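Undergrad: Sequence below, structure please.
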Amino acid sequence: MKRKNAGGCCLPPIEIPLIDLRKQHRALQPKIYAALRHVFDSSVFVMGPNVRSFEEEMARFCRVKHAVGVASGTDALLLSLAAVGIKPGDDVLVPSFTYTATAAAVCHMGARPVFVDSLPDGFNLDPADAERRITPNTRAIIPVHLYGEAAPMDDILALADRHNLRVIEDVAQAVGARFGDELLGSLGDVGCFSFYPTKNLAGCGDGGMIVTDDDEIADKVRLLRQQADASVFGGEKYTHPAVGYNSRLDELQAAVLRVKLPHLESWNRLRQLHANQYRRRLRESGLGLPARGKDDRHVYCLYTVRCSERDALRQHLRGRGIGTEIYYPLPLHLQQAYQHLGHREGDLPVAERLSRESLSIPVYPELTADQVDRVADAILEFLGSRVKPEVEETVTHEL
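TA: The predicted structure is shown next:
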């Protein structure tokens, strides 16, 4: 059934969605159903054997000592901030061009998010701009590995060493990606993962994970996620040495994620293959394309292009039955939620430009090469229609 757009014209159905979870779940359905059935048969729904096993498997995957399951990626950030000792009045450096959860977690601690601009030639936080914004109250930095690409961790870790800052990696969109030979999440003091259904490793609802090599941080998170009940470490039940949270990874989600984890690297490789195909097709298009990481370390949770006519391109793709999304149409420093910080338009120009130009196109693992070509063809069709006749004539003569 065709839908009408705002102008009253009929739109074709979405034939190539931005994300299609049904294909992945159909392929794994027998194993997922069996895992869920086992949980129901045991009736252990909270902090059961699947949570413990998944934590062990994620710790091995990330090459860290500890992995602690929590209720969501946002809670992973919140509990990490609490575990490293962030307090009211502290400043925490965060990128402005990212999802609001990164800054919201800082605010929930009573701390102040200090917004940082993006790299001039990419999407991630700019370490040089971050250093300019350090104050005597700055205690931590949260690099977000946006869209599946590693933030410049060498510069960020060096900055943190110079200024004695905690480093909390937001790996929500980059599970399985690397920086050099190291997996993201293992480089800072803490790594925070999300298993929201749109992520590379996707649950069937909310879920998150904190990874660390620091024994003290891991123990603090294990305590805090269960209302800081002393029984977590063998103390008396219903006694609480701290104010905690209710943030446990659900046993059903852990069961699903255990089925999916062994497939993560092959799924990421398919995303990389699609990204390489887009790059071959679009490299002469004039679009801003995502950086290709060395040795395919980028895992392309999203394939995001930059276009000065972004909204028109999106409308054109919708007319061709292709799903897209804008991540993120307004940088955090200009959001109403953070207006008390006093920012104005023009304060972080790169983040503001990215919010006007960025558009994400389909890149999920189950796409076919033909579908990737259809998306690329539609983009090139749009861009070709924007070429002026005199430019076309000049190009013809040059050829």
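Undergrad: element containing Leu359, please.
TA: When elements are assigned from DSSP states H and E, Leu359 belongs to strand 358-361.
Undergrad: Correction: the previous question concerned Tyr278.
TA: Going by DSSP H and E, Tyr278 is in helix 264-282.
Undergrad: Show me what that helix packs onto, helices and strands only.
TA: strand 303-306, helix 369-385 (3 or more Cβ pairs under 8 Å, 6 or more residues apart in numbering; DSSP states H and E). (C-beta placed from N, C-alpha, C; glycine too.)
Undergrad: could you dump the ones you listed to CSV with mean pLDDT, distance to His163 and mean neighbour count?
TA: Below are the helices and strands packed on helix 264-282 laid out as CSV (pLDDT from 0 to 100; distance: least, Cβ to Cβ, whole Å; neighbours: other Cβ atoms under 10 Å):
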stretch, mean pLDDT, distance to His163, mean neighbour count
strand 303-306, 98, 30, 21
helix 369-385, 95, 42, 16
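Undergrad: Next up, the contacts around Ile106.
TA: Careful, residue 106 is Val; it's not Ile. Leu81, Ile86, Val92, Val94, Arg112, Pro113, Ile142 (Cβ atoms under 8 Å, 6 or more residues apart in numbering).
Undergrad: starting at the chain centroid, how far to the longest helix along the chain?
TA: For the chain, the helix with the greatest residue count under DSSP state H is helix 21-42. Distance, stretch centre to chain centre, for helix 21-42: 25 Å (Cα atoms, centre = their mean, to the nearest Å).
Undergrad: quick check: angle from that helix to helix 264-282?
TA: For helix 21-42 against helix 264-282, the angle by axes from the mean of the first three to the mean of the last three Cα atoms, to 10 degrees is 170 degrees.
Undergrad: Show me what helix 21-42 is packed against.
TA: helix 49-62, helix 251-260.
Undergrad: show me where this structure has helices.
TA: Using DSSP H, helices in the chain cover 21-42, 49-62, 73-83, 101-108, 127-132, 153-163, 215-224, 251-260, 264-282, 310-319, 349-357, 369-385, 389-398.
Undergrad: Mean confidence (pLDDT) on the last one, please.
TA: The average pLDDT within helix 389-398 is 36.
Undergrad: Leu334: which of the helices of the chain is closest?
TA: Leu334 lies closest to helix 349-357 among those, at 7.4 Å (Cβ to Cβ).
Undergrad: What is the neighbour count of Pro120?
TA: By other Cβ atoms under 10 Å, the residues close to Pro120 number 11.
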